Each structure stands twice: as structure tokens, then as C-alpha cells.
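Undergrad: Next come a sequence and a model predicted from it.
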Amino acid sequence: MPLDKELPVWYLVNNMVNQISDAAPLDVLGDRTRRRIVVTLAARPRPAGELAGLFRITKPAVSRHLRLLRAKGVVEEFRIPEDGRMRMYRIQPHALDQVRRWTDEVHAFWDHQLNAFAEVAREDAARMLKLPVRKVRHRRRRKR
């Protein structure tokens with residue numbers, strides 16, 4: 001949702017909170033172990049057993065984390081054609097786009113709020129010192 005000066009702050013904050021609850025990838029990335037698994041899988045696909053060897057948790061615990069990441073669409077399971085028994089896991093980059101969009105919205109919201117605060121502070125300081133108010137143009141953040 002684009003930021004609009006007409007919308008009250010409480011509406012914007014509530015909207016962001018609602019988006020958090022709707023953002024499945026963001027939900028599962030709240031756990032440190034799952035974030036580490038995603039970072040590890042970003043380098044290359046790996047089997048669950050190899051992931052269990054990298055972390056100080058049991059194989060069943062890694063399987064539970066992977067099952068949840070898979071259910072939320074953050075990772076996908078696939079099998080190697082040469083060895084149909086081995087399950088491999090890789091991240092789904094499009095799932096992380098949702099997280100990036102949300103963080104971009106939060107950044108834009110706070111950028112807008114801080115710029116408005118800075119403008120009010122400048123006006124107050126100028127009024128107190130009886131100086132002319134100088135409007136500062138803010139550069140817009142480029143979208144990725």
C-alpha cells in the first residue's frame with residue numbers, strides 16, 4: 001500500500017501489523033534456527049542429514065524445521081534423479097520477496113515519519129530563533 005499523507009498513523013501501523021500476520025514466510029523466519037537453515041540453503045541445496053550435521057540439533061528437529069519451512073513455502077523438497085531416496089532442500093526466492101516488500105514498506109513508513117518529525121523540529125527551531133524556515137527536499141529511496 002503506498003503511503004498517503006491523508007491516512008492516520010494508527011491506520012498505517014495497523015495495516016503493517018495485519019500484513020505481518022498474513023506473511024507466512026515472515027512468521028517462520030522468527031526462529032533463529034530456521035533463519036540459519038535458510039541462510040545455509042541460500043549457498044546451495046542440501047539434504048536434511050547434512051543440515052543436521054551443521055547445527056547442534058537432532059535430525060528429527062531439523063526435519064520439523066524443514067517441514068514448517070516447506071509448509072510456508074520458504075523451502076522446497078526435491079529428489080535427485082540418480083538417487084530417488086535422497087531428499088534435497090532448496091530455498092524458494094520468491095517467498096523471500098514477500099519479506100523484502102514488507103521491510104521496504106516499514107522502511108518507507110519510518111522514513112516518512114522521521115522526515116515529518118525533522119521538518120517540525122526545523123520549524124520549531126526556526127520559530128524559537130526567529131529565523132526563516134528552510135524547506136529541505138528529501139531524496140526518494142530507489143526501489144530494488
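TA: Cool, got the structure. No experiment lies behind these values; they were computed from the predicted model shown.
Undergrad: Now do the residue of the chain most remote from its centre against Phe117, distance only.
TA: Distance to the chain centre peaks in the chain at Lys130, reaching 44.1 Å (criterion: CA atoms, centre = their mean). To Phe117, Lys130 is 22 Å away according to CB to CB, to the nearest Å. For glycine as for every other residue, the C-beta is placed from the backbone atoms N, C-alpha and C.
Undergrad: How about Arg90, nearest residue that isn't a chain neighbour?
TA: Pro45 (3.9 Å; CB to CB, 6 or more residues apart in numbering).
Undergrad: Pull the contacting residues for that neighbour.
TA: Phe78, Met88, Tyr89, Arg90 (CB atoms under 8 Å, 6 or more residues apart in numbering).
Undergrad: how near is the last one to Val120?
TA: Relative to Val120, Arg90 is positioned 48 Å away (criterion: CB to CB).
Undergrad: Please identify which of the two sits among more neighbours.
TA: Taking neighbours as other CB atoms under 10 Å, Arg90 and Val120 compare with Arg90 leading, 14 against 10.
Undergrad: Dump the C-alpha coordinates for the helix or strand hosting the more buried one into PDB.
TA: In this structure, Arg90 sits in strand 83-91 according to DSSP states H and E. Output of strand 83-91 as PDB, limited to C-alpha atoms (Å, rounded to 0.1, in the frame of the first residue of the first chain):
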ATOM      1  CA  ASP A  83      19.200 -41.300  -6.200                       C
ATOM      2  CA  GLY A  84      15.500 -41.200  -5.700                       C
ATOM      3  CA  ARG A  85      15.800 -41.900  -2.000                       C
ATOM      4  CA  MET A  86      17.600 -38.700  -1.100                       C
ATOM      5  CA  ARG A  87      15.500 -35.700  -0.300                       C
ATOM      6  CA  MET A  88      17.200 -32.400  -1.000                       C
ATOM      7  CA  TYR A  89      16.100 -28.900   0.100                       C
ATOM      8  CA  ARG A  90      16.500 -25.500  -1.500                       C
ATOM      9  CA  ILE A  91      15.100 -22.100  -0.800                       C
END
